[in-house]
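S.K.: Sequence plus predicted model, see below.
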Amino acid sequence: MKLVLWDIDHTLIATRGVGREIFSYCFEQVTGCPMREQAAVDGMTEPVIFQETAKLHGITSDRTMFEAFARLSTEQHQLRAGELRQRGHALPGAVRALSVVAALDEVVQTVVTGNIRGAAETKLSVFGLGTHIRFPIGGYGEDDAERAELVRIAIRRASRSLDTPLASQDVLLVGDTPADVAAAQDNHIPVLAVATGRSTVTELRQAGADLVAVDLEDPSPIIRLLTGS
């Protein structure tokens with residue numbers, strides 16, 4: 001068996017500002033403080049973004065506060081699914097890449113994302129990208145603050161679900177930031193980096209990605225890393 005771990009934001013989709021608006025609304029509802037600025041988000045998990053954004057506003061957050069934020073974020077993504085569909089979009093090649101991988105024998109796809117699971121499911125579903133994703137075995141922001149640990153969580157969940165121990169060479173991570181590359185390297189798994197976010201091809205190569213692609217329109221790099229051909 002092979003396991004593909006997809007990042008979501010700027011790898012498969014772009015929310016075109018809707019995600020930030022939802023974060024801002026939920027932040028204010030939970031903390032009672034309007035969000036004046038948001039902490040860096042690229043490659044970061046939702047707990048870290050929430051904690052660091054709270055610090056920027058002089059607020060010391062805790063797990064209870066984050067869990068309230070996570071519940072509200074899930075609700076808001078569902079409520080604003082229509083707006084997300086209207087303003088956001090799937091990135092070029094995302095639909096085809098998921099379909100091509102799904103057609104391979106004994107390959108399972110899920111996500112490793114800093115998003116809350118509920119938000120992740122909504123984001124992919126509204127753009128028709130959830131069909132081939134096995135959400136229960138993914139790694140999500142509420143599971144841990146560290147992306148490398150989310151990779152380990154997803155591998156453990158997949159191994160249990162498939163009743164097959166997965167070795168590092170059986171797993172492929174696809175993401176768009178040096179943080180995705182670092183999480184893969186920390187787990188000794190190959191990584192395909194796509195320059196569909198803010199990181200350039202050069203930056204992703206320097207980070208140590210096994211392969212770097214401009215986007216997902218050509219699925220051959222994924223096939224190469226999964227099959228060795």
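M.R.: Nice, I can see it.

S.K.: Could you list every helix and strand that the least confident helix or strand in the chain by mean pLDDT packs against?
M.R.: The helix or strand of the chain with the poorest confidence is helix 220-227; it has a mean of 94 (mean pLDDT, DSSP states H and E). In terms of contacts (3 or more C-beta pairs under 8 Å, 6 or more residues apart in numbering; DSSP states H and E), helix 220-227 is packed against strand 2-6, helix 94-102, strand 171-175, strand 191-194, strand 211-213. Bear in mind the C-beta positions are built from the backbone N, C-alpha and C, glycine included.

S.K.: Identify all contacting residues around the second one.
M.R.: By C-beta atoms under 8 Å, 6 or more residues apart in numbering, the surrounding residues in contact with helix 94-102 are 4, 6, 11-13, 107, 109, 127-129, 131-133, 216-217, 219, 222-223, 226.

S.K.: quick one on the thing from earlier: specify the angle between the least confident helix or strand of the chain and strand 2-6 in degrees.
M.R.: 140 degrees (axes from the mean of the first three to the mean of the last three C-alpha atoms, to 10 degrees).

S.K.: Any idea how many residues pack against Gly82?
M.R.: Residues near Gly82, counting by other C-beta atoms under 10 Å, number 9.

S.K.: Kindly apply the preceding question to Ala94 instead.
M.R.: Ala94: 24 neighbours (other C-beta under 10 Å).

S.K.: what sits opposite Ala193 in the beta ladder?
M.R.: Gly175, Val212 (DSSP bridges).

S.K.: so who does it touch?
M.R.: Contacts of Ala193 by C-beta under 8 Å, 6+ apart are 174-177, 180-181, 199, 204-205, 207, 209, 211-213.

S.K.: Which one of those residues is nearest to Met44?
M.R.: Thr177 (8.9 Å; C-beta to C-beta).

S.K.: What segments of this structure are helices?
M.R.: Assigned by DSSP state H, the chain shows helices spanning 18-31, 46-56, 63-79, 81-87, 94-102, 117-126, 147-162, 178-186, 201-207, 220-227.

S.K.: Need those helices in a markdown table (columns: distance to Val194).
M.R.: Shown next, in a markdown table, are the helices of the chain (distance: least, C-beta to C-beta, whole Å):
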| stretch | distance to Val194 |
| --- | --- |
| helix 18-31 | 18 |
| helix 46-56 | 21 |
| helix 63-79 | 23 |
| helix 81-87 | 21 |
| helix 94-102 | 9 |
| helix 117-126 | 16 |
| helix 147-162 | 16 |
| helix 178-186 | 9 |
| helix 201-207 | 8 |
| helix 220-227 | 9 |
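
S.K.: Low-confidence ranges, the chain, go.
M.R.: Counting by pLDDT under 70, the chain contains no low-confidence range.

S.K.: Just give the closest residue to Val126, not the sequence neighbours.
M.R.: Closest residue to Val126 apart from its sequence neighbours, by C-beta to C-beta, 6 or more residues apart in numbering: Arg85 at 4.4 Å.

S.K.: Could you chop the chain up by domain?
M.R.: 2-15+89-227, 18-86 (automatic domain parsing).

S.K.: what's the most buried one of these?
M.R.: Mean neighbour count (mean count of other C-beta atoms under 10 Å) peaks for domain 2-15+89-227 among those, with a mean of 20.

S.K.: Please compute how far it lies from its chain's middle.
M.R.: 7 Å (C-alpha atoms, centre = their mean, to the nearest Å).

S.K.: And stretch 54-68, by the same measure?
M.R.: 22 Å.

S.K.: related to what we said a few turns ago, can you give me the angle the least confident helix or strand of the chain makes with strand 171-175?
M.R.: Helix 220-227 and strand 171-175 are oriented at 160 degrees to each other (the same axes, to 10 degrees).
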